[in-house]
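Enquirer: My questions are about this predicted structure, shown below with the sequence.
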Amino acid sequence: MIENKAETKKQQEEKTWSAYSLAMNLGFMIVIPIVIFGAGGVVLDKKLDCFPIFTLIGFVLAMVSSLLTVYVKTKDIILTGKPKHK
């Protein structure tokens, strides 16, 4: 009985730390695609002299990429309690 409570507490602590890990990495998961796709769009627009088109496409791609990354990481934590490491 005591072992069962200790295991449950340990599992709860692992889930909590996984959530903290996700929160710490969340900024990077959102900012990196914005920098890559957004800056890439700006560079293409300047090179091709067609300002808003590629910048907007880059930011849309960044939003989709960020949302998918956050969704997958959050789903892993909710289902297993731990993020998958690839």
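Expert: Here it is on my side, so go on.

Enquirer: measure residue 11 to residue 56 for me?
Expert: Note on residue 11: its distance to residue 56, by CB to CB, to the nearest Å, is 45 Å. Placement of C-beta: from N, CA and C, glycine included.

Enquirer: What helices and strands are in contact with the helix or strand of the chain with the lowest mean pLDDT?
Expert: Within the chain, no helix or strand scores below helix 2-33, which has a mean of 81 by mean pLDDT, DSSP states H and E. In terms of contacts (3 or more CB pairs under 8 Å, 6 or more residues apart in numbering; DSSP states H and E), helix 2-33 is packed against helix 51-80.

Enquirer: and the helix it packs on, what does it pack onto?
Expert: helix 2-33, helix 39-48.

Enquirer: Please work out the angle formed by the directions of it and helix 39-48.
Expert: 160 degrees (axes from the mean of the first three to the mean of the last three CA atoms, to 10 degrees).

Enquirer: count of neighbours near residue 76?
Expert: 16 (other CB atoms under 10 Å).

Enquirer: tell me the contacts of the nearest residue to residue 26 once chain neighbours are set aside?
Expert: Spatially, and ignoring its direct neighbours in sequence, residue 26 is nearest to residue 70 (6.7 Å; CB to CB, 6 or more residues apart in numbering). By CB atoms under 8 Å, 6 or more residues apart in numbering, the residues touching residue 70 are 26, 29-30.
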